[in-house]
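Q: Have a look; sequence and predicted model below, questions after that.
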Amino acid sequence: MRRETILLLLVPVLVLVAVVLTWPAVLFLIALFGLTFVLLTGLLILAAAVTLIAKFFLIPAFVAKKREGVIPGSYRLEEVKEPRREED
């Protein structure tokens, strides 16, 4: 598996482990502020983690592959040829 895929799979697992390890604090927050606050905070943390992974791992890898011409539909600039003109 590629490193990016492993990281994307690892983030939800790490969030789950963090919630399991801190369940007394989570229960306290639920009792104190209500479930909505806790769920929104969890979603915010998860969104931040996914954004950071995309910024530092997925997007640079995609740009590098596009520059190499690996992604279908992309091309290297030096490989672009002028269209042939039909001679009359």
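A: The structure has been received and is ready for your questions.

Q: Could you give me the buried positions within the lowest-mean-pLDDT helix or strand in the chain?
A: Using mean pLDDT, DSSP states H and E, the weakest-scoring helix or strand in the chain turns out to be helix 59-68, at a mean of 71. Judged by neighbour count (16 or more other Cβ atoms under 10 Å), helix 59-68 contains no buried residues. Placement of C-beta: from N, CA and C, glycine included.

Q: Quick check: residue 62 vs residue 52, distance?
A: Distance, residue 62 to residue 52, by Cβ to Cβ, to the nearest Å: 16 Å.

Q: go on, residue 38?
A: Counting by Cβ to Cβ, the gap from residue 38 to residue 52 is 21 Å.

Q: Between these two, point out the one with more neighbours.
A: Neighbour totals were compared for residue 38 and residue 52, and residue 38 leads with 19 against 12 (other Cβ atoms under 10 Å).

Q: where does the protein have low pLDDT?
A: Across the chain, the ranges flagged by pLDDT under 70 are 1, 66-88.

Q: Give me the most central residue, it.
A: residue 54 (3.3 Å; Cα atoms, centre = their mean).
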